[in-house]
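> dropping a prediction and its sequence here:
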Amino acid sequence: MPQYKVAIVGAGPAGYFAAQALQNLQTDELKFSIDMIERLPTPWGLVRSGVAPDHPKIKTVAKVFEKIATSDGFSLYGNVELGTDISLEVLKTKYDAVVIATGSAVGRKLGIPGEDLPGSISAAEFVPWYNGHPDFAGHTPNLDCDTAVVIGAGNVAMDVARMLALEPSELDPTDTADHAIDALRNSSIRKVVISARRGPEHAAFTSPELRDLPKLEHTNVVMRASDIAAALERAGEEPEKEVRNNLEAMRLISELEQGKHARTMEFQFLSTPKEFRGNGKVEEVVFTTSAGEEKIVKCGLVITAIGYEAAALEGLPYERGKVLNQDGRVFENLYVVGWAKRGPSGVIGTNKSDAADVMSLLIADLKEPKPRIEFSSLITADKVISQSHWESINAAEVAAGEPHGKPRIKAVSREELLRLGGL
Ligand code: NAP
């Protein structure tokens, strides 16, 4: 019976769903042995480092990942970095197929003056910071100001704005990193402006996220009724279902009673960022309105949440922030799935069908299986996290959270994670 070896690089949703697709496509005649390689000591990708901690339901998909990981023929190799501990060339030579599932983690830039001033950061830094990603734990976003501006009208912008605008005690029962809870507790920010360059009818927020906003218990959520009315008019009589649902959710927000709370999250539409200005740090954002006028918002923190690009890996072709590919095929025995393939769009579940389509192509391309190999003979890393090491880390984090009513308390340094793994 032929057994094919497939290496999946990246232990996020796209990687796990690719593994699941291969497992589901196995037959008596076709078996896969799957090696998943991850540069961090922890798997789950953005389910651990991206999803907002106050949205724990979205993270329950991790149970699916663990089922995939504990199925026959699956091995996790964490703390192993492609390009440093193992080369793409070695993977391509030794494995029957290699699947790149490394996502897109680099924040897009606006490309306007002042963007690099202190006080201006990308959601690509802020989100992993509050989620305890080891590479971002030492960041110190400026929360010592009254107003923050978040640029972008997508779900990431909304997550970021909500994390800044909610009452920090609401984070107590979450797995927000301790350093972020402490910083947010000391934050002086009381107003968060979330700014879209187009109108409400073009916002990329999704309606479940909009419908959650009125549930914030300690934050005024402000949307101007006139903005929504104008958007409804522009959208015409029969807007698409998503637009209709979004505008309905926004209309409800615009009718909320205002001014009850000390904290405010305010939506601003039809405002294109033109410049960040300040004396050695961000002090204001200058926007151009749809009427061509200049609008200035004073602030000490500005976070851009305008999409992501894939970080370039050596040996892979890139175009416009994605791995250059044809339906997931890159070149011989090399495939790409998830955000690295199609760009930063869709929800976690989108990766399931996407990965399944690519894995069908991979199977169609298979030739004679290559000889078996020992993973340890291919790498230079000495502290490799296996599934059982990860299970120890996971159990330790969950146990640490339990007395505090949290789903877990994350370890944030690589050293601590390795220690919890028993390495
Ligand atoms: P996104 O949904 O693509 O939104 C990006 C936003 O940035 C858009 O509003 C876009 O406006 C704006 N933008 C882009 N370039 C800009 C510029 N130069 N100046 C001003 N604004 C600019 O991206 P995302 O928020 O990063 O989310 C990525 C994906 O993850 C999405 O599919 C999202 O739904 C998903 N996600 C889901 C959840 C959830 O389900 N809870 C949470 C987080 C993320 P234009 O439309 O005008 O270009």
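That came through, no problem.

> can you give me the strands for the stretch 101-250 of the chain?
Assigned by DSSP state E, counting those that start in this stretch, the strands in the stretch 101-250 of the chain fall at 106-107, 120-122, 147-151, 191-195, 219-222.

> nearest to the ligand: which residue in the chain?
Closest to the ligand within the chain is G154: 2.2 Å, counting by C-beta to the nearest ligand atom. For the C-beta atoms, the positions are set from N, CA and C on the backbone; glycine is no exception.

> got the confidence number for that residue?
Note for G154: predicted pLDDT of 98.

> just M1 next, same as before
68.

> do the same with E238
So E238 comes in at 87 (pLDDT).

> could I get the strands of the stretch 101-250 of the chain as JSON lines with distance to T380?
As requested, the strands of the stretch 101-250 of the chain are exported to JSON lines (distance: least, C-beta to C-beta, whole Å):
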{"stretch": "strand 106-107", "distance to T380": "26"}
{"stretch": "strand 120-122", "distance to T380": "31"}
{"stretch": "strand 147-151", "distance to T380": "41"}
{"stretch": "strand 191-195", "distance to T380": "45"}
{"stretch": "strand 219-222", "distance to T380": "49"}
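
> hey, which of the ones you listed is tucked in deepest?
strand 147-151 (a mean of 27; mean count of other C-beta atoms under 10 Å).

> and it, how far from the chain's centre?
19 Å (C-alpha atoms, centre = their mean, to the nearest Å).

> need the residues of the protein near the ligand, please.
Applying C-beta under 6 Å from any ligand atom, we find that the chain lies next to the ligand at 55, 58, 110, 151-157, 159, 196-198, 202, 204, 206, 209, 273, 305-308, 344-347.

> so how far is K281 from the residue most central in space within the chain?
Nearest to the geometric centre of the chain sits G50, at 3.6 Å (C-alpha atoms, centre = their mean). Distance, G50 to K281, by C-beta to C-beta, to the nearest Å: 27 Å.

> surely L164 meets I194?
No: in terms of C-beta atoms under 8 Å, L164 does not count as a neighbour of I194; the distance is 9.6 Å.

> now do the shared contacts for these two.
Common neighbours of L164 and I194, using C-beta atoms under 8 Å, 6 or more residues apart in numbering, are V150.

> tell me where the model's unsure across this protein.
Applying pLDDT under 70 to the chain picks out residues 1.

> domain ranges for it?
Following automatic domain parsing, one gets these domains for the chain: 3-105+309-385, 109-306.

> can you lay out these as TSV showing distance to K410?
Putting these into TSV (distance: least, C-beta to C-beta, whole Å) gives the following:
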stretch	distance to K410
domain 3-105+309-385	8
domain 109-306	4
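
> V398: which of those domains is closest?
Of all those, it is domain 109-306 that lies closest to V398, at 9.5 Å by C-beta to C-beta.

> now the closest one, how far from the centre of its chain.
With C-alpha atoms, centre = their mean, you get 16 Å for domain 109-306.

> kindly report the same for stretch 401-411.
That offset, for stretch 401-411, works out to 21 Å (C-alpha atoms, centre = their mean).

> can I get the CA coordinates of that stretch in PDB?
C-alpha atoms of stretch 401-411 as PDB (Å, rounded to 0.1, in the frame of the first residue of the first chain):
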ATOM      1  CA  GLY A 401      -6.200  29.700  34.100                       C
ATOM      2  CA  GLU A 402      -8.700  27.600  36.100                       C
ATOM      3  CA  PRO A 403      -8.400  29.200  39.500                       C
ATOM      4  CA  HIS A 404      -8.900  32.600  37.900                       C
ATOM      5  CA  GLY A 405     -11.900  31.600  35.800                       C
ATOM      6  CA  LYS A 406     -10.000  32.000  32.600                       C
ATOM      7  CA  PRO A 407      -9.700  29.400  29.700                       C
ATOM      8  CA  ARG A 408      -5.900  29.600  30.100                       C
ATOM      9  CA  ILE A 409      -3.100  31.800  31.100                       C
ATOM     10  CA  LYS A 410      -0.700  31.900  28.200                       C
ATOM     11  CA  ALA A 411       3.000  31.500  28.600                       C
END
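
> how about the closest residue to N394 other than its chain neighbours, secondary structure?
Computed as C-beta to C-beta, 6 or more residues apart in numbering, the closest residue to N394 that is not its neighbour in sequence is R408, at 7.8 Å. State at R408, reduced to three classes by DSSP: H, G, I helix; E, B strand; the rest coil: coil.

> near R408, how many other residues are there?
21 (other C-beta atoms under 10 Å).

> check A364 too.
7.

> list phi and psi for it.
Here is the backbone geometry of A364 (degrees, to the nearest 10): phi -60, psi -30.

> spit out the contact partners of it.
Counting by C-beta under 8 Å, 6+ apart, there are no residues that A364 touches.

> so what's I121 up against?
139, 141, 301-304.

> in the sheet, who's paired with it?
Here I121 sits in beta bridges with I303, going by DSSP bridges.

> next up, the contacts around R263.
Neighbours of R263 in contact, by C-beta under 8 Å, 6+ apart: 165-167, 190-192, 218-220.

> okay if I get these as TSV plus distance to I385?
As requested, the contacts of R263 are arranged in TSV below (distance: C-beta to C-beta, whole Å):
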residue	distance to I385
A165	36
L166	33
E167	36
R190	41
K191	42
V192	37
H218	39
T219	38
N220	44
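
> and G315, how far from V9?
G315 is 11 Å from V9, by C-beta to C-beta.
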